[in-house]
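*Asks:* next one to model:
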Amino acid sequence: MTSRLDAGDTFPNIALETPDGGSVTAADFRGRKLVVFFYPKDNTPGCTTEAKDFSALRDEFAKAGTAVLGVSKDSAKKHQNFIAKYDLTVDLATDAEEGGLSDTLGIWTEKQNYGRTYMGMVRTTYLIDADGTIARVWNKVRVKDHASQVLEAARAL
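*Replies:* The predicted model follows:
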């Protein structure tokens, strides 16, 4: 499954819950670039590596005028524990169980693993320009070196 939206489209302005119980939308970042990376689940190997990689590059993203936000459907409490366990510095947010941002983007979809069918997040990253327009989409992301590739694209934007 690939994202329903692509480069040139406006990124949706749908509220996400922050770990502290607040909310955040893409519009909150207008005036600077934004990376939104969607991942399946806190505390799983690939997702942990991805969040740690983006956290390690947080200062470099900031120098490139780019905010970074990781999104899954895990609860705010699970995000708090994930952040504390791995000393993550990247911001995380929780998407709604139903009708959320990932549903709108078409990346919360039916998946299969070992003959079992379930709903899950397709690992996808969006680079959004300062005006809220999608500059680039990475579909079905492979975690290795992904954060550094996104950083290079952010620097070039």
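*Asks:* tell me the SS of residue 154?
*Replies:* helix (DSSP: H, G, I helix; E, B strand; the rest coil).
*Asks:* so it sits right up against residue 61, yeah?
*Replies:* Yes - if you go by CB atoms under 8 Å, residue 154 and residue 61 touch, sitting 6.3 Å apart. Any C-beta I mention is one placed from the backbone N, CA and C, and that applies to glycine too.
*Asks:* who's more crowded, those two?
*Replies:* Neighbours were counted for residue 154 and for residue 61 using other CB atoms under 10 Å; residue 154 has more, 25 against 21.
*Asks:* tell me the confidence at that one?
*Replies:* In this prediction, residue 154 carries a pLDDT score of 98.
*Asks:* quick one: contacts for it?
*Replies:* By CB atoms under 8 Å, 6 or more residues apart in numbering, residue 154 lies in contact with 33, 35, 61, 64, 66, 127.
*Asks:* circling back: who touches both of residue 154 and residue 61?
*Replies:* Common contacts of residue 154 and residue 61 (CB under 8 Å, 6+ apart): residue 35.
*Asks:* separation between residue 87 and residue 53?
*Replies:* Look at residue 87 and residue 53: by CB to CB, to the nearest Å, they are 13 Å apart.
*Asks:* neighbour-wise, which of the two wins?
*Replies:* Neighbour count, other CB under 10 Å: between residue 87 and residue 53, residue 53 has more, with 19 against 8.
*Asks:* any idea how far residue 83 is from the more buried one?
*Replies:* Distance check for residue 53 against residue 83: by CB to CB, it reads 15 Å.
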